[in-house]
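# predicted coordinates and the sequence they were generated for:
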Amino acid sequence: MLRWNSSYRELERILSSKALSPALAKLLQFIVVETLDGRGEQLTEYVIAERVFNQRDFTPSEKSVVRVEKRRLREKLKEYYEGPGKSDPVVISLGSTFVPIFGPRVNGVPPSALGTGVFSWGRITMATGATAVLLSAVAGAYFWMHRTPVDDFVFTQLTYDTGFTSDPAISPDGKLVAYASDRSGEGNLDIWVQNIATGDRVRLAPSPADDTEPSFSPDGSKVVFHSDRDGGGIYTVAVLGGAVRLIAVHGRGPRFSPDGQRIVYWVGESYFVRTQLYVIAAAGGTPRQVQAGFYGAHDAVWSPDGKYLLFWGQKDESSAPDWWLTPADGGEARPAGAFAEFAKQSLSAGGPSAWVGGHVFFSARRDTTSLWKAGMSLRSGKLSGSLSRLTVGTDQESEPSVASNGNIVFSSVASSTNVWRLPVELNQGKAKGAVERVTRDLSTQVFPSISANQRLAYAADRSGKREIWVKDLAESRENMLAVSQSEFDSPKITRDGSKLAYAAEHPTWTIHVVAIPGAEEKVYKNAGPPRDFSADGTKLLYEAKSCSPYCVGLLDLTTGKTKELIRDPKLALYPESFSPDGEWVAFQARPLRDDATRTIYVTPFRDGSVGGEATWIAVTDGKQMDREVKWSPDGGLLYFLSERDGFRCIWAQRLDRRTKHAIGEPFPVYHFHHSQQSLASLGSPGKVGLSVTRDGLLFSLAETTGNIWMAKARK
């Protein structure tokens with residue numbers, strides 16, 4: 001029974017409404033009571049896991065039960081205040097920590113609509129005295145939770161969208177913020193510019209395609225951004241509106257130079273490493289490649305004087321990545337030693353996000369994904385001083401952008417990934433309905449693969465570790481087959497559901513084949529990620545990592561021998577799948593210097609071998625990004641993921657059943673043009689795990705929400 005005084009009335013009002021499930025009611029009661037009793041600083045993930053969810057052996061992860069339930073509670077509270085609690089004088093909400101935020105309604109409007117996530121003492125005085133006391137207690141706990149050893153910030157929530165808002169950029173003077181958002185309700189992401197002081201906002205250059213990654217010019221008059229319109233590229237538009245201007249094709253991550261005369265951007269897909277860095281005049285023209293000899297280069301930021309670029313780089317295919325410092329006009333690049341410093345603090349980080357003054361800002365994951373900064377010395381080309389953690393929230397806090405006054409804007413994103421099914425008339429390529437959720441787990445579930453007898457295999461992160469599970473959909477039973485601290489790659493199950501293969505890199509690539517339910521395991525060295533079993537389960541296609549460039553490998557499980565099945569010195573080749581009759585192999589190819597396109601091929605497969613290049617049959621024209629290929633049961637259709645319309649969607653191509661030559665043009669089977677339900681946000685298309693079931697297609701799908709926050713340093 002709750003203690004009866006005015007500070008607890010709002011909590012009792014919610015609990016008595018029955019708007020929350022028992023688990024969510026228990027969570028809300030615990031965090032509110034702990035905060036009001038002065039123990040808000042103790043609301044860690046460990047404490048909540050043990051006290052609320054009875055998990056004593058707990059490991060934090062991005063998708064732990066604590067964080068998932070917190071996100072569910074946040075949504076249920078929103079529903080409550082829009083429904084039965086619409087007249088409540090005080091509103092309880094959740095920000096980026098576990099400490100609840102209490103705010104008064106002003107003229108019937110909840111605080112989320114007032115444009116600020118900090119405590120406004122002017123507004124608090126309009127509430128009752130008891131409410132003000134309550135707000136004061138919570139405010140103190142809230143600010144305490146956001147303190148760090150080096151910096152002390154006031155945090156303000158700038159957007160309150162129920163959908164997906166991310167990719168923030170703050171203007172150099174700190175007055176405006178630009179971001180990508182789907183708030184228009186049209187499903188795609190547009191660039192918006194918002195006045196930080198007033199909350200006024202405007203949509204720039206709307207398009208049916210996704211527009212992302214905005215960045216301001218030094219004078220704040222223009223925004224440069226990436227757009228998927230017309231095949232994708234880098235565009236600029238005036239902040240006051242007007243026509244967009246194409247600057248470069250196929251670019252990502254654009255940033256103006258400090259003098260506004262140049263733009264740096266990169267081309268490729270970072271999860272495949274093979275990326276290229278370019279600099280182009282701000283008005284357009286011929287781009288110049290930066291450090292063309294690097295195997296991978298992306299995510300670049302300018303030094304404050306505009307003379308250097310700091311970027312994520314991998315010098316060759318076998319070397320370790322690092323941040324590299326290079327003269328912007330050409331010259332030798334120097335490693336910054338960033339990844340060695342990150343390793344000392346068990347951090348996993350990508351590229352730099354901003355370079356302001358003597359510090360570089362970035363996001364990194366340890367227990368959570370949060371914001372960090374590091375000193376940077378131009379003289380030595382190395383990181384200097386200690387790393388400083390800037391945020392300690394529970395969502396994924398990333399993409400910091402920093403103004404000249406030190407204010408930081410960043411995104412706070414929550415996402416969940418489960419396995420979904422699309423009902424399809426498989427031999428016709430016709431969807432019969434909307435997507436349906438197959439799993440409702442709290443963990444991230446990727447690389448799904450399903451057998452004919454409805455055994456579903458997938459990779460998950462249930463306890464903060466990487467795990468491989470097999471779930472019998474017919475009997476609702478699950479069995480964990482493997483667990484590791486590092487990520488597994490591409491688990492695949494045989495047609496009869498008797499065996500499962502997965503890859504691991506420690507330090508060389510190996511394939512592990514496990515007899516389900518895990519009674520026997522065999523390990524095959526010098527291999528790579530598995531892609532598909534033959535119908536009889538005796539052969540396995542895999543990505544042969546020993547090839548340079550990549551090639552199609554074949555593992556014969558009866559002999560235990562591996563071999564390079566398909567190879568070409570001019571192309572990187574990736575295996576896809578066996579045809580249902582086992583007489584054809586589908587694979588995809590890309591030119592060595594082009595990560596923006598793929599060509600899907602099929603070739604005859606007889607007696608464990610294929611012919612030469614003359615036997616390859618091109619199914620697609622090689623002008624699009626087409627991957628993850630699966631056959632229809634009758635062998636007359638190929639299903640695949642394609643980004644030809646600016647989104648990652650499911651497409652199909654009809655084939656002549658006998659010759660396997662393409663008939664007609666590829667056609668869409670199902671579109672994913674909504675940013676909140678996306679195949680592209682998983683990154684690597686392999687994680688989507690497109691699979692054919694008895695009556696449809698199976699895949700992993702991410703559901704994502706996000707908003708923009710600002711961290712303002714205390715004076």
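Perfect, thanks for sending it. Numbering: from 1, shown residues only.
# only C-alpha atoms from now on, for both contacts and neighbour counts.
Noted.
# tell me the buried residues in stretch 621-639?
622, 624-633, 635-639 (16 or more other CA atoms under 10 Å).
# any idea how far stretch 88-97 is from the chain center?
27 Å (CA atoms, centre = their mean, to the nearest Å).
# pretty sure residue 155 sits against residue 712.
Yes. Using CA atoms under 8 Å, residue 155 is in contact with residue 712, at 6.4 Å.
# those two: who's more crowded?
residue 155 (23 against 16; other CA atoms under 10 Å).
# in terms of pLDDT, where does the nearest residue to residue 399 once chain neighbours are set aside sit?
Spatial nearest neighbour of residue 399, chain neighbours left out: residue 410 (5.3 Å); criterion: CA to CA, 6 or more residues apart in numbering. As predicted, residue 410 sits at a pLDDT of 96.
# check which helix or strand covers residue 410.
According to DSSP states H and E, residue 410 maps onto strand 408-425.
# which SSE is immediately downstream of that strand?
Downstream of strand 408-425 (by DSSP H and E), the next one is strand 430-431.
# and the contacts of the following helix or strand past that following strand?
Using DSSP H and E, the helix or strand that follows strand 430-431 towards the C-terminus is strand 436-437. Contact partners of strand 436-437, identified using CA atoms under 8 Å, 6 or more residues apart in numbering, comprise 418, 419, 420, 421, 422.
# beta partners of the last one?
For residue 422, the beta-bridge partners under DSSP bridges are residue 697.
# thought residue 696 was touching it, still the case?
Yes. The pair residue 422 / residue 696 is scored as a contact, 5.5 Å apart, by CA under 8 Å.
# ok, and the closest non-adjacent residue to residue 220?
Closest to residue 220 by CA to CA, 6+ apart is residue 171, at 5.7 Å.
# ok, the one you found touching residue 222?
No. Assessed by CA under 8 Å, residue 171 is found out of contact with residue 222, at 9.7 Å.
# on that earlier part again, and the strand holding residue 410, what other elements does it pack with?
strand 165-170, strand 396-402, strand 430-431, strand 436-437, strand 445-450, strand 696-713 (3 or more CA pairs under 8 Å, 6 or more residues apart in numbering; DSSP states H and E).
# export that strand as PDB, just CAs?
C-alpha atoms of strand 408-425 as PDB (Å, rounded to 0.1, in the frame of the first residue of the first chain):
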ATOM      1  CA  ILE A 408      25.700  19.600 -28.000                       C
ATOM      2  CA  VAL A 409      22.700  18.100 -29.800                       C
ATOM      3  CA  PHE A 410      22.400  14.300 -30.100                       C
ATOM      4  CA  SER A 411      19.900  11.600 -30.900                       C
ATOM      5  CA  SER A 412      18.300   9.300 -28.300                       C
ATOM      6  CA  VAL A 413      17.100   6.200 -30.100                       C
ATOM      7  CA  ALA A 414      15.200   3.100 -29.000                       C
ATOM      8  CA  SER A 415      14.800   0.100 -31.300                       C
ATOM      9  CA  SER A 416      13.700  -3.500 -31.200                       C
ATOM     10  CA  THR A 417      14.400  -6.200 -33.800                       C
ATOM     11  CA  ASN A 418      12.300  -9.300 -34.100                       C
ATOM     12  CA  VAL A 419      11.500 -12.000 -36.800                       C
ATOM     13  CA  TRP A 420       8.500 -11.200 -39.000                       C
ATOM     14  CA  ARG A 421       6.600 -13.000 -41.700                       C
ATOM     15  CA  LEU A 422       5.100 -11.800 -45.000                       C
ATOM     16  CA  PRO A 423       2.300 -14.100 -46.400                       C
ATOM     17  CA  VAL A 424       3.100 -14.600 -50.100                       C
ATOM     18  CA  GLU A 425       1.900 -16.700 -53.000                       C
END
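# quick one, it and strand 696-713 angle?
170 degrees (axes from the mean of the first three to the mean of the last three CA atoms, to 10 degrees).
# residues of strand 408-425 that come out buried?
408-424.
# next: stretch 674-689.
Applying 16+ other CA under 10 Å to stretch 674-689 flags 674-682, 685-689 as buried.
# any idea how far residue 275 is from residue 198?
Look at residue 275 and residue 198: by CA to CA, to the nearest Å, they are 40 Å apart.
# quick one, which of those two is more surrounded?
Between residue 275 and residue 198, counting by other CA under 10 Å, residue 275 is the more crowded of the two (24 against 10).
# for this structure, where's the lowest mean pLDDT among helices and strands?
Lowest by mean pLDDT, DSSP states H and E among the helices and strands of the chain is helix 121-124, with a mean of 29.
# and stretch 535-554, how far out from the chain's middle?
Distance, centroid of stretch 535-554 to centroid of chain: 27 Å (CA atoms, centre = their mean).
# could you list the low-pLDDT ranges of the chain?
Confidence mapping of the chain against pLDDT under 70 gives the ranges 1-9, 54, 56-64, 104-152, 270-273, 393-394, 442, 462-465, 485-488, 715.
# let me see the ranges of the strands in the stretch 401-550 of the chain.
Counting by DSSP state E, counting those that start in this stretch, one finds strands in the stretch 401-550 of the chain at the ranges 408-425, 430-431, 436-437, 445-450, 455-460, 466-472, 477-484, 489-493, 499-505, 509-515, 520-525, 530-533, 539-544.
# dump those strands into JSON lines; add distance to residue 85 as well.
Converted to JSON lines, the strands of the stretch 401-550 of the chain look like this (distance: least, CA to CA, whole Å):
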{"stretch": "strand 408-425", "distance to residue 85": "25"}
{"stretch": "strand 430-431", "distance to residue 85": "40"}
{"stretch": "strand 436-437", "distance to residue 85": "30"}
{"stretch": "strand 445-450", "distance to residue 85": "35"}
{"stretch": "strand 455-460", "distance to residue 85": "37"}
{"stretch": "strand 466-472", "distance to residue 85": "40"}
{"stretch": "strand 477-484", "distance to residue 85": "40"}
{"stretch": "strand 489-493", "distance to residue 85": "46"}
{"stretch": "strand 499-505", "distance to residue 85": "50"}
{"stretch": "strand 509-515", "distance to residue 85": "53"}
{"stretch": "strand 520-525", "distance to residue 85": "56"}
{"stretch": "strand 530-533", "distance to residue 85": "51"}
{"stretch": "strand 539-544", "distance to residue 85": "55"}
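# returning to that earlier point: need the contacts of strand 436-437 in TSV (columns: distance to residue 202).
Below are those laid out as TSV (distance: CA to CA, whole Å):
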residue	distance to residue 202
418	34
419	36
420	35
421	37
422	36
